[in-house]
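> Return a 3D structure for these sequence lines:
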Amino acid sequence: MPTVYEAKIDGSNAVRYFHFSLIRFYLDQAYEHAIKSKEDDKEGRLLASSVIAIMFSAMALEAFANEISEDLIPKEELNDFVRLRKAYKQIEQESSLAAKLRILFERRHNHSLGETQLNDIENLVSLRNNLVHYKLSELAGRYIMPPAKQTNLGNGQFMTTLDFTLMPVRIEPPFIQQVSGDAAVNCFNIALLIINAWGNLSGELDNVPGLEVIA
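You can find the predicted model right below:
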């Protein structure tokens, strides 16, 4: 369980902890901005509310995993859990957040998160990571053009011609188009549903009162 009091017998001051959970605050912010993003969404337009909803949704799940771990994982093993080592290893290509949630559900409730739930978490993590670690060229849109034309000039020489007036074969949209009102809503719903699933398994039918899935 979370540390509430620490004391030594060497004459030093004791420490009494008072905790403040951020899970509900993060969820409320994700909900508010997801609703705003959904209402203001227009194709091709990047909204701050979409970014905020995605970030707070991920933060809510991160805070949830961290807070639950303090209550569930033995204190002497908590650092191993945070670093996902020894008895708490990740599965190949699994994000740290998905791994922590998977482990916590298995340890406390002997429950395996479904493939859809895990994929949803990974999608949320991917969106969050790409926003936090945005890479200009890697996440750019791409016009897939016809191959460069090569002309044989004789004597073993060739001329390469690039024609920028040609129509692209296809267009791959930039990552930023994924940051939409729908994505904002989906990310909030993912966070809420995972936290509600934990509550249901714990016998709490409404562990996040006042919030519901956004249709």
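> May I ask which helix or strand encompasses residue 140?
Assigned by DSSP states H and E, residue 140 falls within no helix or strand.
> State the distance from it to residue 176.
Using Cβ to Cβ, to the nearest Å, one obtains 9 Å as the distance from residue 140 to residue 176. C-beta here means a position set from N, CA and C on the backbone, and glycine is covered the same way.
> cool, residue 45 as well?
Counting by Cβ to Cβ - residue 45 and residue 176 are separated by 10 Å.
> These two: which is more packed in?
The neighbour comparison of residue 45 against residue 176 (other Cβ atoms under 10 Å) goes to residue 176, with 17 against 11.
> where do the strands sit along this protein?
For the chain, applying DSSP state E gives strands covering 5-6, 15-16, 142-144, 149-154, 157-161, 170-172.
> Residue 65 against residue 100, yeah?
Yes. Contact criterion Cβ atoms under 8 Å: residue 65 and residue 100 qualify, at 4.3 Å.
> So for those two, which sits in the more crowded spot?
The neighbour count for residue 65 versus residue 100, taken as other Cβ under 10 Å, is higher for residue 100 (25 against 22).
> That one against residue 84, yeah?
Yes. Counting by Cβ under 8 Å, residue 100 does reach residue 84; the two are 7.3 Å apart.
> Please spell out which residues along stretch 73-83 are buried.
73, 81 (16 or more other Cβ atoms under 10 Å).
> Alpha carbons only: can I get that stretch in CSV?
Taking Å, rounded to 0.1, in the frame of the first residue of the first chain, the C-alpha atoms of stretch 73-83 are listed here in CSV:
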residue,chain,number,x,y,z
ILE,A,73,3.2,-4.5,-5.7
PRO,A,74,5.5,-5.1,-2.7
LYS,A,75,7.6,-2.1,-1.9
GLU,A,76,10.8,-4.0,-2.4
GLU,A,77,9.7,-5.0,-5.9
LEU,A,78,8.2,-1.6,-6.9
ASN,A,79,11.4,-0.4,-8.7
ASP,A,80,11.4,-3.7,-10.7
PHE,A,81,7.8,-3.1,-11.7
VAL,A,82,8.5,0.5,-12.8
ARG,A,83,11.5,-0.6,-14.8
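> any low-confidence regions in the chain?
1 (pLDDT under 70).
> need the longest helix for it.
Assignment by DSSP state H gives helix 48-72 as the longest helix of the chain.
> other SSEs contacting that one?
Contacting helix 48-72 under the criterion 3 or more Cβ pairs under 8 Å, 6 or more residues apart in numbering; DSSP states H and E are the following elements: helix 23-40, helix 78-83, helix 96-109, helix 115-132, helix 181-201.
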